[in-house]
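# quick one, fold the following:
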Amino acid sequence: MAYLSKNLSVLAYANGFTLWHYTTPDTAATVDTAGYFNGASEMLRVGDMILANVEADGAMKAGIFLVNANAAGVVDVADITGVGGTDTD
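Residues are numbered from 1 along each chain as shown. Here you go, the predicted structure:
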């Protein structure tokens, strides 16, 4: 699949930092590909964080992506930092 602007929303903004939420059926590896968020390059800044729900059509996973580059319209995010863990109960 591809980036869908309707699935990206602002959760909070302060001091030049934005916390975003994004949901997608794509895998974390797909979202982590440089250029995935190019459609949002005018909004995303280096240092912004994206709380994400990935694989939303299956066994959903959650995590945080850090925007680590945005130059000449090409956005790159760092690998996902997973949230949650094994639920042993």
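
# contacting residues for the most centrally placed residue in the chain?
Central residue check for the chain by C-alpha atoms, centre = their mean: the C-alpha nearest the mean position is that of Ile50, 4.2 Å away. By C-beta atoms under 8 Å, 6 or more residues apart in numbering, Ile50 lies in contact with 8, 20-22, 64-67, 77. For every residue, glycine as well, the C-beta is placed using N, CA and C.

# now do 6 Å
Taking C-beta atoms under 6 Å, 6 or more residues apart in numbering as the definition of contact, the neighbours of Ile50 are 20, 22, 65.

# top of those residues by neighbour count?
Of all those, the most densely surrounded is Phe65 (24 neighbours; neighbours counted as other C-beta atoms under 10 Å).

# that one against Val77, yeah?
Yes - counting by C-beta atoms under 6 Å, a contact exists between Phe65 and Val77, whose distance comes to 4.0 Å.
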